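J.: starting from these lines, generate the structure:
(chains A and B)
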Amino acid sequence: MENPLSLLHFYLRNKRKVLPVIGILALAILGVVVTDSLLASARETAYATFGSYQKLILVAPRATRDQDLANPLQDSLTRLHEVQLQVDALDGPGGISSYYNAVVALPAQVRAQLPAVQQLQVDAANARYYAARLRGDLVPLGDLIIRVQRLQSEQKAFEELVRTLTQNPNDPRPLITYLQQHQTWLQSILPDAAQLGRLQSAVTNASSDAGGLQQSLQAMSRDTANVNAAGRSVADIPIPPSPSATIDGFKAGLDRLTASLESIQSAQPGLDKLVADSARIPGTAFVKRDAYSNLDINLLAGNAQFDLYGLDQPGMAQLLSLYDDRIIAGRLPKADANEIAISEEIARSRHVWVGGQVGNAIDELDRLPDTFTVVGIIGGPTRLGVIPLDYMTQHYLFERRYQGLVVVPQPGHEQAVHDQVQSLIGDSAFRMFDWSYIKGKIDSLIANLDTINHFLILLVTIVLALVVGLLNNLFFRQRMNEFGLLAAVGYSRWGLILRVAWESLGVTIAAWVLGVGLGVAVLSWFNMSFMLPHGLLMNIFDWNVLALHTLPIPLMVFLFGMGTVAWQLLRLDPISIIERRD
Amino acid sequence: MLCAKDLALEYRTGGSVAHAVDTVSLSVEQGSFVGLIGPSGSGKSSLMYLLSGLKRPTRGAVAFEGRDYGDISTPGLIRLRRQRFGFVFQQHFLINYLSTLENVMVGAVKRNHEAVAYAQELLRRVGLGDKLRQRPYQLSIGQRQRVAVARALVHRPAVVFADEPTASLDQGTGRDVVNLLADYRRRDGGSVVVVTHDPAMLTGADRVLQMRDGRLSPA
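T.: Residues are numbered from 1 along each chain as shown, chains lettered A, B, ... in the order given. Sure, this is the predicted structure:
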């Protein structure tokens, strides 16, 4: 016969008391395993998502689109109004039309004596024509600028809505109000590709018509000079007063508008120099211009923007080679095409594959204009997304302004190159994004969740220690007679304490094994059914989580529960028990 | 075999001293059946605790087989109780989650086949040979106390101390329990010390001693 006081006997004969304790502990450990693993997964997925920064430095314009476009747009609008006034002036009293009318009204005698007047009339007619065209050109340009400004204010209203909803997620009223007030209007002002095309066309037409007007005005100046020179020999010829002052004012206004529009379309000042200087930094592997954009993806801890690199064709190949990544399906995007290649995890996260589409038209949170077709899936250790630089800069008016560059240091030169790039940037309108910055941001985001998680684990540990300690005490009191008898008949006190310790240890170890086992099972299922299909990372057998983060619970429960019972066993007086007459 | 000399046990409560046992000398020979009777509070249980090493005396000495308890460490005394003494108390103190046979085996020093066979034999002797697998809550109070007697005897102790073993039993059942102890003395040659307030239970005793106010006198 086995020892009747063996642990096996104890567990088998006290199943009703032991199993609930094991169950409670196991469920708590399961909770810790799952929450901890999800948190670790969020961190690992975030690291992986932004892992490309481990080998490159992104230099981007410092200003955001909001900050940077507001002034040029307002400035362009002001200039546009100036030009419209000048066009009106050209057409008004003392303007081209008056001048043309005056030239047309010259007597036939004068025309016969001065053939140059005929040419003046032709050129004045041309000027009047171009001025009228220019006025027409300016209408869509002004309209689009106003739309963009309204869109910016709409974006601010949207951000305010998000902030309100974040503060009180259960109250849908702000969302409903917003949708009611803004939906139709928002759709009406969203700049689409056609509008952007019209803007570009309007600028081109305006520029062309302005050129025609300028040429006509210059011809008129020459004609007027010729007429004036010839007229000195002809008495009483009523030559109209020259509109040159009005024309000069118009030319100045047109120049200011052109400069303002160019500032919207041109890259940040200093970009070319920064690219050239960065390439000369010792230890730099390569430098590429980058029209960066990003895709909205889910990182478990919240949505994040996955950075896309807008590079030329050689740059795309270089980037993949840098990370030992490769195209596993499809191909790299062609030049000047609205195409994209993305890592398979990102593709899964967005539920797309080769032939799928991403972009602002698909998900409004994508910072990728219009629609891009996925033409390639990238496989390998680092998550990447690449788009053609030229398509971005040539087809989207504002993207030219937001070009940056990627600087890739050679291995071992990361810090030196970082410092040099930092020094090159100085106080200019650029800023750096590197791994330490990105990792800091991720850690900062996760840190709050980490703190909450640690607090919860502590809370669970304390509550469980108290609950199980209390249960232990109740159980111990029920077994007081047993311990009193054993102490009286010659079982040593420390032997009894050791026995209780083994009993408690067995329960906590069983609970730990069960909890961790359940945790692994739940995580495996969750990984297969949710994480992998969404491109999220999860290390199911993360021993740091499975062991280190879960052990404090059984350990504390064991120590607390055991400590209280051991304390009572040490103070146990067997005689007081055997003399009890109850 | 078991010899007590000038034993005293005092309790100090506040400024006064209570003499639970007052200068008692006693010897228990091998194979003898000694009965201690007396009213409640007379000190008979205290004397038994001193004799069995459950308590240390305030004065005086107890020796078992020539070894003075004063010369034995606390762990040594615990071992002595475990290996050489058997105990029966007023309550059975059976462990609820163990069977009858397992409860008896709690008292065994060695847990081999011979010990199990002897435990079964003891249970047969106390009339519970057919209830080896029963749990305490399935037995009557008298049956439980007989299991407690078997537990006290399973390791063949040199001395069995029984403290009011019949107090919670009816007269007939109580007599059966005492007879079991007497039977053990007769069969196995062990000594038996029975503390009771009922003189009728000690008809088979070699000696019956009376305790009154902590002092001992022949009954």
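J.: neighbours around A:Ala112, how many?
T.: 10 (other Cβ atoms under 10 Å in any protein chain shown). Every residue, glycine included, has its C-beta placed from N, CA and C.
J.: pLDDT wise, what is it at?
T.: Listed pLDDT for A:Ala112 reads 75.
J.: pLDDT at residue 203, what is it?
T.: You didn't pick a chain, so chain A it is. 67.
J.: correction: the question concerned chain B.
T.: 86.
J.: can you check B:Val194 too?
T.: Taking B:Val194 on its own, its pLDDT is 93.
J.: does the helix or strand hosting it reach chain A?
T.: Using DSSP states H and E, B:Val194 sits in strand B:191-196. No. Figure legend: strand B:191-196 not in contact with chain A (Cβ under 8 Å from any Cβ of the partner chain); closest approach 11.7 Å.
J.: tell me, how many residues neighbour A:Asn170?
T.: Counted with other Cβ under 10 Å, A:Asn170 comes out at 5.
J.: ramachandran angles for it?
T.: Phi and psi for A:Asn170, reported as degrees, to the nearest 10, are phi -80, psi -10.
J.: tell me how far it lies from A:Gly561.
T.: Between A:Asn170 and A:Gly561 the computed distance is 40 Å (Cβ to Cβ, to the nearest Å).
J.: which residues sit against the strand holding B:Val194?
T.: Residues outside strand B:191-196 that contact it (Cβ atoms under 8 Å, 6 or more residues apart in numbering or on different chains) are B:1-2, B:28-37, B:44-45, B:47-48, B:51, B:158-167, B:178, B:181-182, B:184-185, B:201-202, B:205.
J.: check those against chain A, which are close?
T.: B:45, B:163.
J.: what's the neighbour count on A:Arg272?
T.: Small correction: residue A:272 is Asp, not Arg. Neighbours of A:Asp272 (other Cβ under 10 Å): 13.
J.: in its sheet, which strands sit next to the worst-scoring helix or strand of chain B on mean pLDDT, and in what direction?
T.: None of the helices or strands of chain B scores lower by mean pLDDT, DSSP states H and E than strand B:215-218, at a mean of 82. Strands adjacent to strand B:215-218 in the sheet, as given by DSSP bridges, are strand B:207-212 (antiparallel).
J.: centre-most residue in chain B?
T.: B:Phe161 (1.6 Å; Cα atoms, centre = their mean).
J.: can you show me the CA trace of the helix or strand encompassing it as CSV?
T.: Using DSSP H and E, B:Phe161 sits in strand B:159-163. Presented in CSV, the C-alpha positions along strand B:159-163 are these (Å, rounded to 0.1, in the frame of the first residue of the first chain):
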residue,chain,number,x,y,z
VAL,B,159,2.9,1.9,25.6
VAL,B,160,-0.6,2.9,24.6
PHE,B,161,-2.0,6.0,26.1
ALA,B,162,-5.8,6.3,26.0
ASP,B,163,-7.2,9.6,27.1
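J.: so how far is it from its chain's centroid?
T.: 1 Å (Cα atoms, centre = their mean, to the nearest Å).
J.: what helices or strands is it leaning on?
T.: helix B:44-52, strand B:85-88, helix B:141-153, helix B:171-188, strand B:191-196 (3 or more Cβ pairs under 8 Å, 6 or more residues apart in numbering or on different chains; DSSP states H and E).
J.: mean neighbour count added to these, as JSON lines?
T.: Shown next, in JSON lines, are these (neighbours: other Cβ atoms under 10 Å in any protein chain shown):
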{"stretch": "helix B:44-52", "mean neighbour count": "26"}
{"stretch": "strand B:85-88", "mean neighbour count": "27"}
{"stretch": "helix B:141-153", "mean neighbour count": "25"}
{"stretch": "helix B:171-188", "mean neighbour count": "18"}
{"stretch": "strand B:191-196", "mean neighbour count": "26"}
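J.: the ones you listed: lowest mean pLDDT?
T.: helix B:171-188 has the lowest average pLDDT among the helices and strands packed on strand B:159-163, namely a mean of 86.
J.: other SSEs contacting it?
T.: Going by 3+ Cβ pairs under 8 Å, 6+ apart, helix B:171-188 lies up against strand B:33-37, helix B:141-153, strand B:159-163, strand B:191-196.
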